[in-house]
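Novice: Could you work out the structure for the sequence below:
(one chain, ligands or ions: 1)
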Amino acid sequence: MKVLGIMGSPRVGGNSDILLNRALAGAEVAGAEVAGAEVEKIILDKKSISGCKDCKKCNETGICVIKDDMLEIHKKILEADAIIHSVPVYFFSMTAQMKAYLDRWCALFDAQWRWQKVYYPKMRGKRIGLITVCGAADVHMADPIVNCFQPTVEMSKMHWLGTVMASANGKGEIADNEEAKQQAFELGKKAAELPD
Ligand SMILES: Cc1cc2nc3c(=O)[nH]c(=O)nc-3n(C[C@H](O)[C@H](O)[C@H](O)COP(=O)(O)O)c2cc1C
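Specialist: Numbers count the residues shown, from 1 in each chain. A predicted model of the protein is given here:
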């Protein structure tokens with residue numbers, strides 16, 4: 001059981017990071033009850049990930065022409081049973097780091113937005129979760145981010161684990177929000193539980 005955490009904020013130790021750590025702790029707990037969960041966190045801001053060029057070369061090959069850190073992340077995406085993304089709202093949307101990462105999923109699809117045949121067995125049913133943090137009091141400020149991830153998951157026959165949406169401003173302020181931390185923990189547990 002492999003659970004991958006994707007951290008989309010540049011603030012290491014900030015709100016998205018704290019909640020993602022809780023989710024990965026939940027995955028470890030649930031994983032221990034079954035065969036043990038292997039968790040890994042990737043901090044996108046520490047990686048070099050360019051935007052998709054829409055060159056369509058990957059439609060034939062399934063491999064992106066941009067030789068940067070996303071090639072290694074593609075491999076980790078394929079190997080993970082579940083992926084939990086955590087990202088703050090920047091100008092009513094996701095951070096540039098998370099958007100570049102998400103657009104580069106393009107390489108895993110064919111020209112009709114179906115999984116490349118070689119990737120289909122690994123991608124179908126993959127469990128995907130999302131954590132959002134926004135400075136505004138209303139957590140639905142992050143709805144546009146949910147509206148990017150959820151349809152992507154559903155159109156491609158992955159499995160949507162759901163969302164934890166929280167509000168916090170200062171770095172690390174979310175540490176005082178027990179409810180959000182518990183929700184993130186539960187999301188992580190759900191990610192690592194064996195399917196019925
Ligand atoms: C460039 C930038 C743009 C932001 N835009 C928004 C916004 O549109 N709406 C909002 O509610 N919060 C906005 N915020 C606030 C962050 O979402 C908030 O501080 C969040 O807690 C940061 O999470 P982090 O600690 O994981 O980085 C913005 C912050 C920055 C730096």
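
Novice: Neighbours of the residue of the chain found nearest the ligand, how many?
Specialist: In the chain, no residue comes nearer to the ligand than Gly14, which is 2.6 Å away by CB to the nearest ligand atom. Any C-beta I mention is one placed from the backbone N, CA and C, and that applies to glycine too. A count of nearby residues for Gly14, using other CB atoms under 10 Å, gives 20.

Novice: same check, this time on Met141
Specialist: 17.

Novice: now it: how far from Ile128?
Specialist: 21 Å (CB to CB, to the nearest Å).

Novice: gap between the two ends of stretch 78-85?
Specialist: 15 Å (CA to CA, to the nearest Å).

Novice: For the residue nearest the centre of the chain, which residues count as its bridge partners?
Specialist: Among the residues of the chain, the one closest to the centroid is His85, at 2.5 Å (CA atoms, centre = their mean). Beta-bridge partners for His85, by DSSP bridges, are Ile6, Leu130.

Novice: likewise the one 5 residues further on?
Specialist: Taking DSSP bridges, one obtains Ser93 as the residues bridged to Tyr90.

Novice: Isn't it up against Ala96?
Specialist: Yes: counting by CB atoms under 8 Å, Ala96 is a contact partner of Tyr90 at 7.4 Å.

Novice: picking up where we left off before, give me the three-state assignment for the residue lying closest to the residue of the chain closest to the ligand once chain neighbours are set aside.
Specialist: Distances taken as CB to CB, 6 or more residues apart in numbering put Lys171 closest to Gly14, at 4.8 Å, once the chain neighbours are dropped. Following DSSP: H, G, I helix; E, B strand; the rest coil, Lys171 is assigned to coil.

Novice: after the top helix by length along the chain comes which helix or strand?
Specialist: When the chain is parsed with DSSP state H, its longest helix is helix 15-33. The helix or strand immediately downstream of helix 15-33 is strand 38-43, counting by DSSP states H and E.

Novice: tell me the pLDDT at the residue located most distally from the centre of the chain?
Specialist: In the chain, the greatest distance from the average C-alpha position (CA atoms, centre = their mean) is reached by Glu60, at 25.5 Å. pLDDT recorded at Glu60 is 90.

Novice: buried sites along the strand or helix carrying it?
Specialist: Glu60 belongs to helix 57-61 when assigned by DSSP H and E. Across helix 57-61, burial judged by 16 or more other CB atoms under 10 Å covers Cys58.

Novice: Can you name the next helix or strand after that helix?
Specialist: helix 70-79.

Novice: one step back: my guess is the residue nearest to the centre of the chain contacts Leu130, does it?
Specialist: Yes: counting by CB under 8 Å, His85 does reach Leu130; the two are 5.1 Å apart.
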